[in-house]
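Colleague: Sequence and predicted model, in that order:
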Amino acid sequence: MTTRPDLAELELNELEAALEARGCERFHARQLYRWIYRRGVTDFEPMTDLSRALRAQLQEAFTITTPRVVMDDTSVDGTRKFLLELADGRRIESVFIPDTPAMTFCISTQVGCAMACDFCLTGKMGLVRNLTAGEIAGQVRVLAAATGLLEHPFNIVLMGMGEPLHNYDNTMKALRMLHNEHGLAISPRRVTLSTVGIVPGLERLAGEPLMPNLAISLHATTEAQRSQLVPPNKKYSLESIIETCRRFPLKKRSRITFEYVMLAGVNDTPEDARRLVRLLSGIRAKVNLIPLNPAPGIPYERPSDARVDRFAQILADRHLTVSVRKSRGQDIRAACGQLIVEGGVKKSAGQQMALLMR
Ligand code: SAH
């Protein structure tokens, strides 16, 4: 049996070529994009501006694979966590964070993650597999439809499960599909890519025509400490990441965000704050402090508000723009670093371990 091509995996020009190859007019690709992305339609039947005969032909020739919502939990603060099932039964989580002040979708790029950051629950799962471009963009289609935002502006943060630069091609392809003017037309200014700092990936990103905002998960100010908290640092050092950021071609008025998870008694001292200021000097930077979202099996604690404020004040006094990330959706374990799939098929050893430690 030959599998039918999946329209959800195609950029507009690929879709045009696929139609042409089957003797259909290319211009239907734009109609299909409008239905799939703008109207949130997931099969051919409702596409009423296409003839019945064409719809039947498309139905025969193609599929439109869309992640299935398995669970949809709403937090007391309005955050919604979606558990989505993919075509192969694997599961991922995507989060809707309303009014921050924008509407924001936090999207996954991998099932699990290979980075193994010491304070992150997803990291305990290990990497199961990369998401396809269609699965990454599909999360946005599903969440926009479920939240009634198909025709409203929203932001996307690639801060769900996975390391986007470890799945570079599919992530970038998804952004192109979401950017297409016949679909959701999402501006790259509305997208933030968060990364542990994979230097070759950053270098490729620097040459992208469609460049999202950049956030670097820094979390420590010395090589030794960062290597302990963020293992990829052993390969791509703090120094090399900072150096790459210095050369990164930023758009006008834009800045690189440096995320800094605060761990009580570990990286939250005034000395850490002062080192952070020195490290970032000369970079158009802003700092986003993220007090740890604790979880069973994570061997760290969240610092007191006073301690976080003290740290923030030191940065602000030295003219760094600093914000403290409010933790959202903690009651439904939708907060940063708390995404982990419980009900998925074939759990990896890491997953099982993480479950046992809960
Ligand atoms: N792999 C990417 C994106 C996913 S994580 C990256 O590392 O940037 C998104 C953010 O949540 C990262 O800054 C990550 O370090 C942070 N995070 C992970 N675990 C956390 C936890 N337990 N508490 C608070 N933030 C956490």
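Modeller: On my side now, so go ahead.
Colleague: what does the chain have sitting close to the ligand?
Modeller: Residues of the chain lying near the ligand by CB under 6 Å from any ligand atom: 115, 117, 119-120, 159, 163, 194-196, 217, 259, 261, 290, 292-293, 298, 336-337. The way it works is simple: take the backbone N, C-alpha and C, and place the C-beta from them, glycine included.
Colleague: and Arg310, what does it touch?
Modeller: Counting by CB atoms under 8 Å, 6 or more residues apart in numbering, Arg310 touches 270, 273.
Colleague: so it sits in a strand?
Modeller: No. The assignment for Arg310, made by DSSP: H, G, I helix; E, B strand; the rest coil, is helix rather than a strand.
Colleague: Helices along the stretch 101-250 of the chain, start to end?
Modeller: With helices called from DSSP state H, counting those that start in this stretch, the stretch 101-250 of the chain shows them at 121-125, 133-146, 168-179, 199-205, 223-229, 238-247.
Colleague: Mind checking those for the one nearest to Arg22?
Modeller: Minimum separation from Arg22 across the helices of the stretch 101-250 of the chain (CB to CB) falls at helix 133-146, 18.9 Å.
Colleague: The closest one - contacts with which helices or strands?
Modeller: If you count contacts as 3 or more CB pairs under 8 Å, 6 or more residues apart in numbering; DSSP states H and E, helix 133-146 packs onto strand 68-74, strand 80-85, strand 91-97, strand 104-106, helix 168-179.
Colleague: list the helices and strands the first one packs on?
Modeller: Counting contacts by 3+ CB pairs under 8 Å, 6+ apart, strand 68-74 is packed against strand 80-85, helix 133-146.
Colleague: Which one of the residues in the stretch 1-150 of the chain is closest to the ligand?
Modeller: In the stretch 1-150 of the chain, the residue that lies nearest the ligand is Cys120 (3.4 Å; CB to the nearest ligand atom).
Colleague: sorry, back to before: reformat the helices and strands packed on helix 133-146 into TSV and put mean neighbour count and mean pLDDT next to each item.
Modeller: Shown next, in TSV, are the helices and strands packed on helix 133-146 (neighbours: other CB atoms under 10 Å; pLDDT from 0 to 100):
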stretch	mean neighbour count	mean pLDDT
strand 68-74	15	96
strand 80-85	21	97
strand 91-97	25	97
strand 104-106	25	97
helix 168-179	22	98
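Colleague: Of the ones you listed, which is nearest Pro5?
Modeller: If you check each of the helices and strands packed on helix 133-146 against Pro5 by CB to CB, helix 168-179 wins as the nearest, at 14.6 Å.
Colleague: and the angle for that closest one with helix 133-146?
Modeller: With axes from the mean of the first three to the mean of the last three CA atoms, to 10 degrees defining the directions, helix 168-179 sits at 40 degrees from helix 133-146.
Colleague: Check the offset of helix 168-179 from the chain's centre.
Modeller: 12 Å (CA atoms, centre = their mean, to the nearest Å).
Colleague: Contacts for it, please.
Modeller: Contacts for helix 168-179 (CB under 8 Å, 6+ apart): 10-12, 37, 109, 130-134, 136-137, 140, 156, 158, 164-165, 183-188, 191, 193, 201, 204, 208, 210, 212.
Colleague: same question, stretch 70-88
Modeller: Taking CB under 8 Å, 6+ apart as the rule, stretch 70-88 contacts 65, 67-69, 91-99, 111, 131, 135, 139, 142-143, 146-147, 328-334, 339, 341, 343.
Colleague: now do stretch 45-57
Modeller: Counting by CB under 8 Å, 6+ apart, 22, 24, 28, 31-32, 35, 39, 41, 44, 58-59 sit against stretch 45-57.
Colleague: Of all pairs in those, which one is the farthest apart?
Modeller: Maximum distance among those (CB to CB): 22.7 Å, for Arg22 and Arg39.
Colleague: and the residue in the stretch 201-350 of the chain that the ligand sits nearest to, how many neighbours?
Modeller: As assessed by CB to the nearest ligand atom, the ligand sits closest to Gly337 within the stretch 201-350 of the chain, at 1.8 Å. Other residues near Gly337 come to 20 when the count uses other CB atoms under 10 Å.
Colleague: and it, helix, strand or coil?
Modeller: At Gly337 the chain is in coil, as set by three-state DSSP.
Colleague: Need the residue in this structure that's farthest from the chain's center.
Modeller: Most distant from the centre of the chain: Ala53, at 38.9 Å, with distances by CA atoms, centre = their mean.
Colleague: Would you verify that that one is located in a helix?
Modeller: Yes. Counting by three-state DSSP, Ala53 is located in a helix.
Colleague: Tell me, what's the model's pLDDT at the nearest residue to Ala116 once chain neighbours are set aside?
Modeller: If the residues on either side of it in the chain are set aside, Ala116 comes closest to Gly123, at 4.6 Å by CB to CB, 6 or more residues apart in numbering. As predicted, Gly123 sits at a pLDDT of 93.
Colleague: Tell me how many other residues crowd Gly123.
Modeller: Residues lying near Gly123 (other CB under 10 Å) number 25.
Colleague: could you list every residue that touches it?
Modeller: 113, 115-117, 337.
Colleague: want to throw the residues you listed into JSON lines with pLDDT and distance to Asp6?
Modeller: As requested, these are arranged in JSON lines below (pLDDT from 0 to 100; distance: CB to CB, whole Å):
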{"residue": "Cys113", "pLDDT": "97", "distance to Asp6": "25"}
{"residue": "Met115", "pLDDT": "98", "distance to Asp6": "28"}
{"residue": "Ala116", "pLDDT": "97", "distance to Asp6": "31"}
{"residue": "Cys117", "pLDDT": "97", "distance to Asp6": "32"}
{"residue": "Gly337", "pLDDT": "79", "distance to Asp6": "31"}
